[in-house]
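Enquirer: Prediction below, plus the sequence it came from.
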Amino acid sequence: MAEQSAAAPSAPAEGAAAPAAAKAKKDKKAKPKDLVIPPKKPKLSKAERRALQEAQRAAKAAGGGGKPGKVSGGEKGKGKDGASAAGGGGDGSNRARGKSVSEEEKKDGADGEDGAQGGAGGEDKMVSLFSHLPRPKAASDAQLSSLSADLQSNLHPAVPTLGHLYLTHAVIGGNARCRAMLQTFALLLQSYAPPPSTRDFRHDLDHSLLKPAFQYWTSQCRPHSVSMGNAFSFLKLAVSSLDRELEWDAAREILLESIEAYVTERLEYAGKAISRHAGSKIQERGDVILVFGKSEVINKLLLDAALVDKKTFRVIVVDSRPLLEGRDTLEILSRAGISCTYVLLNALSYLMMREVTKVFLGASALMSNGSVLSRVGTACVALLANSNHIPVLVGCETYKICNRVQLESITGNELGDAGEVARADCARAGPSNRWSAGEEDEKRRDVLADWEEQPNLKLLNLMYDLTPSDCVTGIVTEVGILPPSSVAVLLREMSPDITGTS
């Protein structure tokens, strides 16, 4: 009994110790009284960030000072953000909010700048489906002077001159652009001399002459065509194949001869061979041939069929805005005495069903899966001809064959100047502009002159589209008329080290 009575008081003592330990642990976790916890950063939507940026710009312009991301004193406490800042404790919350805004601005960065330049209310005028494509450069003389002085001083004057011709569409078409590029390279080689201190003139030629010119045309003017890319690869291979110990004068002669041989064999002779192969498909009398836009090789085969083979046929020239390249085709053929009809793309269905017997189309590039990349509108012509069981022949030189596989026109394409779509007449600088009316009439008809200031309005000007191989009857090359399924075989035979499946 005495042991039990002695043990009894120990139980209440242990029970009293447990709350004391819990209280001490709770006091240890208690927050210091002088600790200021900033409020959570407000999570803004994209529209709210843009509106906040515009308000900050306006406040900065009105007050003449202050850093972007800070709000003036009169704005504190206003709105939802102001209330949360006041509840969080003065300047500390404002600094936190300013930091948050600056981070959001960096996150949204390019959208805010592009939107401010795009149109009314900072609206971005880029169609979101094609926002991954490079934006077209402004076709103006001021663009040529936008480069730095260092870049300008390292370029031959012929390089920006040709770039301006590319930019204004004065030189247009795969063959014309490639030929002009090679001729410019030949001019550069004639005036180039490697530095005396160089150890390998091939390296200096590649990095100080060829690459800067090609990068200028591609980045400052227009994306290069497949024909230009293949020709540039050929020229680089020719440079790397030269003997390192060769004298520069001898090496220059070899390169100039290589350029001349490439133009003669891959462009001129190839065009004559295509004309001979495709001309055999034109009947002696009564054919009605439809062409779209302008193609150098198609114009040549029609002229040879009419003037050399003395065949009688009629040509329907289908054209589309904004470039209206078919006007040049119409002029070339009509001057040669060929009977022509000129229509726009919207009249195609009526003509295709009633008159056309054959369709001849040009190509900017030929993919390894047989698809044809050409001027936008070509796929529409080929699709309608295929639905009406009319043969479609595509004239394409083998140097335009690409080892890529492309299934649609969205992933890989080129954007033209959207302002060209808004113009009432031809947007291209060239001979066809003589059809345009006076400046006063043009301004009066130009109802979309202020399209950039109109909200909720975006214009799209695509340069190319992709014609599926199913819509093509045959591809006419210098080696003969091939089915689209044989393009990969032809590519492999011409370039054994290229698989044609990349």
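Expert: The structure has been received and is ready for your questions. Since this is a predicted model, take the numbers as computed values, not measurements.
Enquirer: Who are the contact partners of the residue positioned nearest the centre of the chain?
Expert: Taking CA atoms, centre = their mean, the centroid of the chain lies closest to residue 414, which sits 3.4 Å from it. Counting by CB atoms under 8 Å, 6 or more residues apart in numbering, residue 414 makes contact with 133-134, 136, 222-223, 462-464. Just so you know, the C-beta spots here come from the backbone N, C-alpha and C atoms, and that holds for glycine as well.
Enquirer: Show me the contact partners of stretch 254-268.
Expert: 175, 178-179, 182-183, 185-186, 189-190, 231, 234-235, 238-239, 242, 246, 397-399.
Enquirer: Could you pull out the buried residues of it?
Expert: 255, 258-259, 262-263, 266-267 (16 or more other CB atoms under 10 Å).
Enquirer: got it, and stretch 349-368?
Expert: Buried, per 16+ other CB under 10 Å, within stretch 349-368: 351-352, 356, 358-368.
Enquirer: Would you mind giving these as a markdown table with pLDDT, secondary structure and distance to residue 155 added?
Expert: Shown next, in a markdown table, are the buried residues of stretch 349-368 (pLDDT from 0 to 100; DSSP: H, G, I helix; E, B strand; the rest coil; distance: CB to CB, whole Å):
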| residue | pLDDT | secondary structure | distance to residue 155 |
| --- | --- | --- | --- |
| 351 | 81 | helix | 47 |
| 352 | 79 | helix | 48 |
| 356 | 93 | coil | 48 |
| 358 | 95 | strand | 46 |
| 359 | 96 | strand | 43 |
| 360 | 97 | strand | 39 |
| 361 | 96 | strand | 37 |
| 362 | 95 | strand | 32 |
| 363 | 95 | coil | 31 |
| 364 | 95 | coil | 27 |
| 365 | 94 | strand | 27 |
| 366 | 94 | strand | 32 |
| 367 | 94 | coil | 33 |
| 368 | 91 | coil | 35 |
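Enquirer: Closest to residue 308 out of the residues you listed?
Expert: Nearest to residue 308 among the buried residues of stretch 349-368: residue 360, at 16.6 Å, using CB to CB.
Enquirer: which residues pair with that closest one across the strands?
Expert: Counting by DSSP bridges, residue 360 is bridged to residue 291, residue 393.
Enquirer: okay but it is in contact with residue 301, surely?
Expert: Yes: Residue 360 is within contact range of residue 301, at 7.2 Å (criterion: CB atoms under 8 Å).
Enquirer: Residues that sit against both of these two, list them.
Expert: Shared contacts of residue 360 and residue 301 (CB under 8 Å, 6+ apart): 278, 395.
Enquirer: Now do stretch 413-427, average pLDDT.
Expert: The average pLDDT for stretch 413-427 rounds to 78.
Enquirer: to the chain's geometric centre, what's the distance from that stretch?
Expert: Its chain's average C-alpha position is 14 Å from that of stretch 413-427, according to CA atoms, centre = their mean, to the nearest Å.
Enquirer: what about dumping the CA coordinates of it to PDB?
Expert: What follows is stretch 413-427, C-alpha atoms only, in PDB (Å, rounded to 0.1, in the frame of the first residue of the first chain):
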ATOM      1  CA  ASN A 413       6.900  28.300 -96.100                       C
ATOM      2  CA  GLU A 414       7.700  31.900 -96.700                       C
ATOM      3  CA  LEU A 415       5.700  34.900 -95.600                       C
ATOM      4  CA  GLY A 416       5.400  37.800 -98.000                       C
ATOM      5  CA  ASP A 417       4.700  41.400 -97.100                       C
ATOM      6  CA  ALA A 418       1.100  41.500 -95.900                       C
ATOM      7  CA  GLY A 419       0.700  45.000 -97.200                       C
ATOM      8  CA  GLU A 420       0.900  43.600-100.800                       C
ATOM      9  CA  VAL A 421      -2.400  41.900-100.200                       C
ATOM     10  CA  ALA A 422      -4.000  45.200 -99.300                       C
ATOM     11  CA  ARG A 423      -3.000  46.900-102.500                       C
ATOM     12  CA  ALA A 424      -5.500  47.200-105.300                       C
ATOM     13  CA  ASP A 425      -3.100  46.300-108.100                       C
ATOM     14  CA  CYS A 426       0.200  44.600-108.800                       C
ATOM     15  CA  ALA A 427       2.500  44.800-105.800                       C
END
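Enquirer: Spell out the residue ranges of the strands in the stretch 401-502 of the chain.
Expert: With DSSP state E, counting those that start in this stretch as the definition, the stretch 401-502 of the chain shows strands at residue ranges 464-467, 474-477, 480-482.
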